[in-house]
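Peer 1: from the sequence below, what's the structure:
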Amino acid sequence: MPHDRINWQRIRVGCRYVEKYLVEGLVSAYKFKHSPLKPLEVFCEITYNCNLKCPTCFRWTTIEDRNELGLEDWKVAISKLKNWIGTYNLFFSGGEPFLREDLIEVIKFASELGIPVSVVSNGSLIDKTLAKRIVSSGLFGLTLSLNSMNPETHNKTRGTAGSFDEVMRAIENLRERGKMKLNIAATVMSENIHDLVGLAEFVNKEGLDSINYQPVMPTSAIPILDENGNPKKLPPGTFYKTLGREPAVIKEVFDRLALMRGNGYPINNMPKHMAYMVRYLQNPEDPQIIRYPCKIGPKNFVIDPFGNVRICSMMEPMGNLLDADPKALWHSEKAQNQREQIRSCKEPCRLFTCNFKELDLLYQLKKMYKHG
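Peer 2: Numbers count the residues shown, from 1 in each chain. Predicted coordinates for the structure are as follows:
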């Protein structure tokens with residue numbers, strides 16, 4: 001599928017974003033059980049399997065499950081959503097998505113329907129052969145996880161020796177990527193707070209498309225299942241427990257990032273998001289954080305590896321997409337109950353980049369003009 005068609009689809013999704021924020025401004029849609037809008041973004045956790053051992057995410061402890069949806073199942077799910085929603089952004093994450101050997105075929109299928117597809121990956125499997133397949137698949141955007149330009153720091157925070165070199169190899173193998181966007185995502189913690197500016201400079205120097213900063217979360221913000229499919233009870237995590245060190249440095253670093261963003265560096269985080277991240281990183285129990293409303297209720301549609309649907313990945317399934325109509329699930333009593341729960345939720349994951357959404361029209365127009 002030519003990227004020109006995908007770009008037009010992205011413009012259409014952008015118009016729907018504007019519509020969403022106008023509606024929210026008038027009726028505060030996230031305060032109601034019933035969403036007056038269709039979802040804008042569909043997040044597919046295509047596998048829980050992972051080949052790294054990140055201490056910030058314990059998905060890698062999940063037992064391999066052979067009951068994950070197959071290629072034909074994903075085609076059915078994507079088609080159902082296309083017939084109902086029309087234009088939407090489709091994201092694949094994991095685990096490590098490229099452990100699924102059929103992921104390229106899933107991407108091709110969605111792209112040929114005119115759906116902009118993005119993937120979040122640790123980059124470890126992207127050799128020259130896979131890089132060519134990714135570029136030719138019609139993928140709109142690929143995001144690689146990179147926590148520091150210091151190999152020792154990155155590898156420590158990713159739990160695997162050699163991870164830094166694998167990300168650098170993936171970036172090199174994707175030099176010739178046509179119009180596909182290549183982005184970086186960095187998990188922010190005390191251990192890499194001094195490295196965030198260097199990451200933005202690297203992204204800008206190498207001509208990558210953007211960088212997202214995302215604060216480390218307690219393990220309770222990421223669903224980890226045991227062998228019976230039940231949520232595991234895990235400690236908050238080593239890096240979460242070290243938050244709050246060097247509060248003055250945190251403020252200084254994010255002030256500089258905000259200036260860099262204003263000067264054209266491709267930093268996706270909005271100033272308001274960065275301000276809330278500063279509060280959280282200085283004190284994750286700052287009550288001001290949970291006063292910011294979590295707005296995923298009217299926009300997110302989450303599908304797990306088995307086809308179960310949620311609005312929030314931490315909540316119980318509303319049903320299975322293979323057995324039910326997505327519109328019926330979106331307007332179901334369970335969906336209404338989840339939106340009610342989201343409004344009273346006290347978890348800090350509202351600061352995840354995919355959850356924290358504010359309209360920054362001027363910045364997005366500048367990006368579209370710059371990248372075409």
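Peer 1: okay, the helix or strand harbouring E172 in PDB with CA atoms only?
Peer 2: Using DSSP states H and E, E172 falls within helix 163-173. Listed next in PDB are the C-alpha coordinates belonging to helix 163-173 (Å, rounded to 0.1, in the frame of the first residue of the first chain):
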ATOM      1  CA  SER A 163      20.700  -4.700  23.900                       C
ATOM      2  CA  PHE A 164      22.300  -1.300  23.100                       C
ATOM      3  CA  ASP A 165      24.200  -2.700  20.200                       C
ATOM      4  CA  GLU A 166      21.100  -4.400  18.900                       C
ATOM      5  CA  VAL A 167      19.200  -1.100  18.800                       C
ATOM      6  CA  MET A 168      22.100   0.600  17.000                       C
ATOM      7  CA  ARG A 169      22.100  -2.200  14.500                       C
ATOM      8  CA  ALA A 170      18.400  -1.900  13.900                       C
ATOM      9  CA  ILE A 171      18.700   1.800  13.300                       C
ATOM     10  CA  GLU A 172      21.500   1.300  10.800                       C
ATOM     11  CA  ASN A 173      19.600  -1.400   9.000                       C
END
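Peer 1: what about the following helix or strand past it, average pLDDT?
Peer 2: Next helix or strand after helix 163-173 toward the C-terminus (DSSP H and E): strand 181-188. In this model, strand 181-188 has an average pLDDT of 97.
Peer 1: helices or strands next to strand 181-188 in the packing?
Peer 2: Judged by 3 or more Cβ pairs under 8 Å, 6 or more residues apart in numbering; DSSP states H and E, strand 181-188 is in contact with strand 141-145, helix 196-205, strand 210-215. The way it works is simple: take the backbone N, C-alpha and C, and place the C-beta from them, glycine included.
Peer 1: quick one: that strand to strand 210-215, angle?
Peer 2: What separates the directions of strand 181-188 and strand 210-215 is an angle of 20 degrees, with axes from the mean of the first three to the mean of the last three Cα atoms, to 10 degrees.
Peer 1: give me the contact list for strand 181-188.
Peer 2: With contacts defined as Cβ atoms under 8 Å, 6 or more residues apart in numbering, strand 181-188 is touched by 56, 118, 120, 140-148, 157, 171, 174, 192, 196, 199, 202-203, 208-216, 268, 277, 281, 353, 371.
Peer 1: emit the ChimeraX select command for whichever of those are buried.
Peer 2: Only the buried members of the contacts of strand 181-188 enter the following ChimeraX selection, criterion being 16 or more other Cβ atoms under 10 Å:
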select :56,118,120,140,141,142,143,144,145,146,147,148,157,171,174,192,196,199,202,203,208,209,210,211,212,213,214,215,216,268,277,281,353
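Peer 1: could you show me where the strands are in the stretch 51-200 of the chain, in order?
Peer 2: Assigned by DSSP state E, counting those that start in this stretch, the stretch 51-200 of the chain shows strands spanning 89-93, 117-121, 141-145, 181-188.
Peer 1: out of those strands, flag the one nearest E285.
Peer 2: Nearest to E285 among the strands of the stretch 51-200 of the chain is strand 181-188 (17.0 Å), distances taken as Cβ to Cβ.
Peer 1: noted, bye for now.
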